[in-house]
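Trainee: all I have is the shape, not the residue letters:
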DNA sequence: GCCAACGTTGGC
DNA sequence: GCCAACGTTGGC
């Protein structure tokens, strides 16, 4: 099983929205590295740290689980969609998404500042400068540590 | 709003 | 293939 961190802007799609919907398709990723993770490495049952970026506060707000493996991101073909990609061929999808299901919302956000202050997490990608990937792999020990900080069961 | 970091584009 | 220009991300 693999562990991941996925970023969403709170006002775009929040953990509360995911809780209400139960599950969602993770559309709109237009970065090849992130695409490759979703296409090649994400498997059903993988665990996800749900991260709010550009929010107050920013940090990990809960957990989700991968419930459908990589398939074409159909929003790339929709001219009305914010993430429309005119270069994507209809029969050869460039962009891939997965579905994730709500697992739990933390009682309190584990803030980025707290992640940075925890020496056990210094090798975690999200705390490193310039790390902008919206889908990134996480080590099991880091995943467990974030859960511990949240007072949540992994 | 600012700006550093990084990815992508396109001229050559 | 190089690299400057530009666009985006995302913390602060």
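Mentor: Arrived safely. Just so we're clear, the structure is a prediction, and the values are computed from it rather than from any experiment.

Trainee: rest of the way, CA atoms for contacts and neighbours
Mentor: OK.

Trainee: report pLDDT for the residue lying farthest from the centre of chain A.
Mentor: What lies farthest from the middle of chain A is residue A:91; by CA atoms, centre = their mean that is 26.7 Å. Here, the pLDDT recorded for residue A:91 equals 79.

Trainee: can you tell if stretch A:96-115 touches DNA strand B?
Mentor: No: shown here: stretch A:96-115 not in contact with DNA strand B (CA under 7 Å from any atom of the strand), separated by at least 13.5 Å.

Trainee: what's the mean pLDDT across that stretch?
Mentor: Across stretch A:96-115, pLDDT averages out at 96.

Trainee: and stretch A:75-87, is it in reach of DNA strand B?
Mentor: No: judged by CA under 7 Å from any atom of the strand, stretch A:75-87 and DNA strand B are separated, with a smallest distance of 8.1 Å.

Trainee: re the thing from before, separation between the residue farthest from the centre of chain A and DNA strand C?
Mentor: Distance, residue A:91 to DNA strand C, by CA to the nearest atom of the strand, to the nearest Å: 24 Å.

Trainee: where's that residue relative to residue A:142, distance?
Mentor: Distance, residue A:91 to residue A:142, by CA to CA, to the nearest Å: 39 Å.

Trainee: what do you get for residue A:34?
Mentor: Taken as CA to CA, the span from residue A:34 to residue A:142 is 19 Å.

Trainee: again with residue A:41
Mentor: Residue A:41 is 18 Å from residue A:142, by CA to CA.

Trainee: these two - which one has more neighbours?
Mentor: Using other CA atoms under 10 Å, the more surrounded residue of residue A:41 and residue A:142 is residue A:142, with 17 against 14.

Trainee: list the contacts of that one.
Mentor: For residue A:142, the contact set (CA atoms under 8 Å, 6 or more residues apart in numbering) comprises A:120-121, A:124.

Trainee: need those in JSON lines with neighbour count and secondary structure, can you?
Mentor: Below are those laid out as JSON lines (neighbours: other CA atoms under 10 Å; DSSP: H, G, I helix; E, B strand; the rest coil):
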{"residue": "A:120", "neighbour count": "13", "secondary structure": "helix"}
{"residue": "A:121", "neighbour count": "20", "secondary structure": "helix"}
{"residue": "A:124", "neighbour count": "17", "secondary structure": "coil"}
